[in-house]
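[1] Next come a sequence and a model predicted from it.
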Amino acid sequence: LAGWDFKPEETVVEIVPGVEIGGKQVHVIAGPCAVENEEQIISVAKEVKAAGATLLRGGAFKPRSSPYSFQGLEETGLKLLAQARRETGLPVVTEIMDVRNLPLVAEYADVLQVGARNMQNFFLLKELGQVDKPVILKRGPSATIEEWILAAEYIMSAGNHKVILCERGIRTFETYTRNTLDLSAVPAVKHLTHLPIIVDPSHGTGKWRMVQPMSRAALAAGADGLMVEVHCSPEEALSDGQQSLTPENFREMMRELNSLAQAL
Ligand code: PEP
Ligand code: MN
């Protein structure tokens, strides 16, 4: 279903009226790794909106490597995301980790994100196929492009064709970066499927200094959008501070990407 044989036009996923991923416009999804408290999410949502982001991200259920790390605010976090949406108008992207939470998360989210660690959670993928909401499917840290597209097929074959792929880095022998951002996946996915693809240079590199250059490279490679972590005080973030941009750095990145977009 994801291949060009099945559908010869590019898929454009409508998030809310006027926001379409996979169309002419490049969309930037920005916000903190996790929703931490009201002040944090509202202030960062206003900052990213002012800088030109068109969707807000923020995790309420967090897939942390350690069970002792902050796990997310859960339903409280979802309510704060809904408040941020009311105050900024930005549609909300948030992660669904477990099929048991799907009714709850779907009630608040405009876009459901499947995290890298869940890319092959086939029961979750099948359930997402029954939901009428766009899904961002992150690439598993050790998934081939074929496995990733087959994961998209799970959602599509269960009835939901609104799938957006997200390259977020894969595990290689390199340890300088958190993951190795595989930008060659962008033209590969474009060749193999009609689905839109976005790039997450924050998780892809793990280093905020690399986010701007890799965002530029992602757009040059043909990505339909970006997902970027932004925090008003990254050094105090409860997760992923080292890869989070300050609002000031994010504004600078958006200025630069706007001039790049005109050149492309
Ligand atoms: C995230 O986007 O918050 C996240 C946990 O990303 P990934 O699933 O790509 O690690
Ligand atoms: Mn994160």
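    Great, that's in hand. Quick caveat, the model's predicted, so the values are computed rather than measured. Ligands and ions are numbered 1, 2, ... in the order given.
[2] what about Lys79, how many residues close to it?
    Neighbours of Lys79 under the rule other Cβ atoms under 10 Å: 15. The C-beta positions use only the backbone N, C-alpha and C, and glycine is treated the same way.
[3] tell me which element it is part of?
    Using DSSP states H and E, Lys79 maps to helix 75-88.
[4] average pLDDT across that helix?
    The average pLDDT for helix 75-88 rounds to 98.
[5] For the residue nearest to Lys46 when sequence neighbours are not counted, give me its contacts.
    Leaving aside its chain neighbours, Lys46 sits nearest to Thr88 (6.0 Å; criterion: Cβ to Cβ, 6 or more residues apart in numbering). By Cβ atoms under 8 Å, 6 or more residues apart in numbering, the contact set of Thr88 is Ala45, Lys46, Lys49, Leu56.
[6] and those, which of them are in helices?
    Here DSSP state H is the test, and the contacts of Thr88 give Ala45, Lys46, Lys49 as lying in helices.
[7] List just the nearest of those residues to Pro67.
    Closest approach between the ones in helices among the contacts of Thr88 and Pro67, by Cβ to Cβ: Ala45, at 28.8 Å.
[8] Counting neighbours, what do you get for the closest one?
    Counted with other Cβ under 10 Å, residues neighbouring Ala45 total 29.
[9] For it, give me the pLDDT.
    Reported pLDDT for Ala45: 98.
[10] you'd agree Leu55 is up against Arg85?
    No: judged on Cβ atoms under 8 Å, Leu55 makes no contact with Arg85 at a distance of 9.9 Å.
[11] what residues are shared contacts of the two?
    Jointly contacting Leu55 and Arg85 under the rule Cβ under 8 Å, 6+ apart are Pro91, Val92, Asp110.
[12] What's the per-residue pLDDT of the residue of the chain found nearest ligand 1 here?
    Using Cβ to the nearest ligand atom, the closest approach of the chain to ligand 1 is made by Gly115 at 3.1 Å. Listed pLDDT for Gly115 reads 98.
[13] which parts of the stretch 101-250 of the chain sit against ligand 1?
    Contact residues (Cβ under 6 Å from any ligand atom) of the stretch 101-250 of the chain with ligand 1: Gly115, Ala116, Arg117, Lys138, Arg168, His203.
[14] could I get these as TSV with secondary structure and neighbour count?
    Conversion of these to TSV gives the following (DSSP: H, G, I helix; E, B strand; the rest coil; neighbours: other Cβ atoms under 10 Å):
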residue	secondary structure	neighbour count
Gly115	coil	21
Ala116	helix	23
Arg117	helix	14
Lys138	strand	26
Arg168	coil	26
His203	helix	23
